[in-house]
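S.K.: Quick one: sequence plus predicted model below, questions after.
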Amino acid sequence: MRQQNSVQLTDSSIKKHPDYDQHQMVAYREDKATGLRAFIAIHNQNLGPALGGCRMYPYSNKNNALTDVLRLSKGMTYKSAIAGLPLGGGKAVIIGNPRRDKSKELLLAMGNFIDSIQGSYISAEDSGTSVADLAIMGETTQWVSGIHSAHEFHGDPSPYTAMGTFEGIKAAVKHQLQHSDLAGISVAVQGVGNVGMHLTKLLTQAGARVYVADVNEDNLNEAKERFAATVVDKNKIHRLDVDVFAPCAMGGAINSTSIQEIRASIIAGAANNQLSKPDMAETARQLGILYAPDYVINAGGIIDIHHQQLGERNVDRVRKEVTAIGATLTSIFHRAKSTEMPTSVIADQMAEERFLARRQQTSIA
Ligand code: NAD
């Protein structure tokens, strides 16, 4: 393979970036032959190698891509720590339009870039990349996951993300509404894509009444026909008078406008970065809304990817770890209630207790 231009960003300019937050490594690579322009960021490896998806997105400039990779990799540190995984946090982003700019050569070059990090960063699919794309990257590096051929969903972690979200909704309903099951509970699912559709299935099987909204008509028809979900306007889904609002589409669903309109007493869904600003969690608390922190409730996928990376496949073990998301959330809810703090702050504290404690042990040894 021809040598590509790669640069490890250790200069003071990266340290001044507002989202730098003590990242352990940030690397950038450009390859003119394939058009690859990509960042890999490793936020923290105290608990193990940094695992996180490789996103491809048409960022308008390099700095936006850098901001995204820094925020996302930090989020992965917290997600893996709270899920109890022996993993650190990292992420990769490719600057480009996945529909127009993706080629086999570009993906092979990305695999080569990942390989140069020598296993400190392990990649997986993310928005703009697919299991098939990761399999191509896997031709030039062993450090990709989520492509396990014997996987029950062909490498797709979404069903496990949905399963964890379902367990999280059950835990939230028990804590907030004192209901031990979901029979008769109403849930508004915003976005019935890979995760939202599986979640709708699990909810309806459990006897919940499910309302769905999406911008994709095919997905809505599927949810209606297969699971008898009630379709509602995408601009009204968060305002429904239901027990649970489950954001499963894009980030930012909880913002200063929507939070005042939400009538559900529980927000529990799979979407990443649900809060437009961190203080939305405190607003939710003051309004009496129980918020299940996004990176806690949606960790089923990373648990599955971790087990795919291990190679041997023990489905019972994966399910057990995903199911434990419910218990983790219950302890967050109790601690938040007793301290009168937002659930997201408690989740951050619990994650930091795990990955910072490990650093202290390491440095003492
Ligand atoms: P997806 O793209 O398959 O589904 C998203 C769905 O939301 C699509 O059907 C899309 O049409 C719909 N949508 C987009 N804009 C909308 C809007 N304004 N209103 C209503 N619906 C809208 O993605 P996914 O894999 O199902 O992931 C959903 C969310 O969960 C994302 O935020 C993702 O980052 C997060 N997440 C996914 C996984 C996973 O395993 N796939 C893991 C962790 C977190």
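M.R.: Okay, I see it. Residues are numbered from 1 along each chain as shown.
S.K.: Run through the residues that contact Arg317.
M.R.: His307 (Cβ atoms under 8 Å, 6 or more residues apart in numbering). Quick note: C-beta positions are derived from backbone N, CA and C, even for glycine.
S.K.: Could you check how far it is from Ala253?
M.R.: Distance check for Arg317 against Ala253: by Cβ to Cβ, to the nearest Å, it reads 32 Å.
S.K.: Relative to the whole chain's centre, how far out is stretch 215-233?
M.R.: Put simply, stretch 215-233 sits 24 Å off its chain's centre (Cα atoms, centre = their mean, to the nearest Å).
S.K.: Quick check: buried residues in that stretch?
M.R.: For stretch 215-233, the neighbour count (16 or more other Cβ atoms under 10 Å) marks Asn219, Leu220, Glu222, Ala223, Phe227, Ala229, Val231, Val232 as buried.
S.K.: Strands - which of these land there?
M.R.: Counting by DSSP state E, these place Val231 in strands.
S.K.: Can you redo the buried residues of stretch 215-233 as JSON lines, where the extra columns are pLDDT and distance to Gly96?
M.R.: JSON lines is the format used below for the buried residues of stretch 215-233 (pLDDT from 0 to 100; distance: Cβ to Cβ, whole Å):
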{"residue": "Asn219", "pLDDT": "97", "distance to Gly96": "26"}
{"residue": "Leu220", "pLDDT": "98", "distance to Gly96": "30"}
{"residue": "Glu222", "pLDDT": "98", "distance to Gly96": "30"}
{"residue": "Ala223", "pLDDT": "98", "distance to Gly96": "32"}
{"residue": "Phe227", "pLDDT": "98", "distance to Gly96": "36"}
{"residue": "Ala229", "pLDDT": "98", "distance to Gly96": "35"}
{"residue": "Val231", "pLDDT": "98", "distance to Gly96": "34"}
{"residue": "Val232", "pLDDT": "98", "distance to Gly96": "35"}
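S.K.: Redo the buried residues of stretch 215-233 as JSON lines? Include distance to Gly111.
M.R.: Listed next are these as JSON lines, based on distance: Cβ to Cβ, whole Å:
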{"residue": "Asn219", "distance to Gly111": "31"}
{"residue": "Leu220", "distance to Gly111": "37"}
{"residue": "Glu222", "distance to Gly111": "34"}
{"residue": "Ala223", "distance to Gly111": "36"}
{"residue": "Phe227", "distance to Gly111": "38"}
{"residue": "Ala229", "distance to Gly111": "39"}
{"residue": "Val231", "distance to Gly111": "41"}
{"residue": "Val232", "distance to Gly111": "43"}
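S.K.: between the buried residues of stretch 215-233, which is nearest the ligand?
M.R.: Nearest to the ligand out of the buried residues of stretch 215-233 is Asn219 (Cβ to the nearest ligand atom; 4.6 Å).
S.K.: I'd guessed Gly288 sits against Ser265; true?
M.R.: Yes. Counting by Cβ atoms under 8 Å, Gly288 touches Ser265, with 6.4 Å between them.
S.K.: Looking at these two now, which is surrounded by more residues?
M.R.: Shown here are Gly288 and Ser265; by other Cβ atoms under 10 Å, Ser265 has more neighbours (18 against 8).
S.K.: Quick check: phi and psi at that one.
M.R.: phi -90, psi 0 (degrees, to the nearest 10).
S.K.: What average pLDDT does stretch 320-340 get?
M.R.: Regarding stretch 320-340, the rounded mean pLDDT is 98.
S.K.: Cool, thanks, signing off.
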